[in-house]
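>>> Sequence first, predicted coordinates after that:
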Amino acid sequence: MKRAILVVLVLIGTIAVSSATQVSPSAELKHIMITTPEGPNIGLAATAIQRQAPAMNIIQLKGSVEIRTKDMTLRADEAEYNQDTGEIEARGAVHIKLETDR
């Protein structure tokens, strides 16, 4: 019983350490560009980016998130972008700047 508890605690500690290193604010940002019918006009950047299975249409972004379109810039701690619907779910400190007409 004690051994099982120790194994669980070690696993939890390992997961916590690996999660902390994945979204370090000093980590280098990863960038991807999403192409829409109008062209490549959605830029995504974060310290960790991955697609959510099974459909792979949800892009998860963690750490120093920035999503740019021609109309706005969104910054957040974490976000999910749905490629099928164009919807963004942002969490943490969220800031949106709308671009003015030029």
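Perfect, I can see it now.
>>> measure K30 to L98 for me?
For K30, the distance to L98 equals 25 Å [Cβ to Cβ, to the nearest Å]. The way it works is simple: take the backbone N, C-alpha and C, and place the C-beta from them, glycine included.
>>> ugh, typo on my part, it should be P54
Applying Cβ to Cβ, the value for P54 to L98 is 34 Å.
>>> The two: which is more packed in?
Legend: neighbour count by other Cβ atoms under 10 Å for P54 and L98, higher for L98 (8 against 5).
>>> Past the least confident helix or strand in the chain by mean pLDDT, which element shows up next along the chain?
Least confident helix or strand of the chain, by mean pLDDT, DSSP states H and E, is helix 2-22 with a mean of 42. Next helix or strand after helix 2-22 toward the C-terminus (DSSP states H and E): strand 30-36.
>>> Spatially central residue in this structure, please.
L61 (0.6 Å; Cα atoms, centre = their mean).
>>> List the residues that contact that one.
Going by Cβ atoms under 8 Å, 6 or more residues apart in numbering, L61 touches 44-46, 48-49, 67, 78-81.
>>> so which strand or helix has it?
strand 58-68.
>>> elements contacting the very next helix or strand once past that strand?
Once the chain leaves strand 58-68, the next helix or strand it forms, by DSSP H and E, is strand 72-82. In terms of contacts (3 or more Cβ pairs under 8 Å, 6 or more residues apart in numbering; DSSP states H and E), strand 72-82 is packed against strand 39-46, strand 58-68, strand 88-91, strand 95-98.
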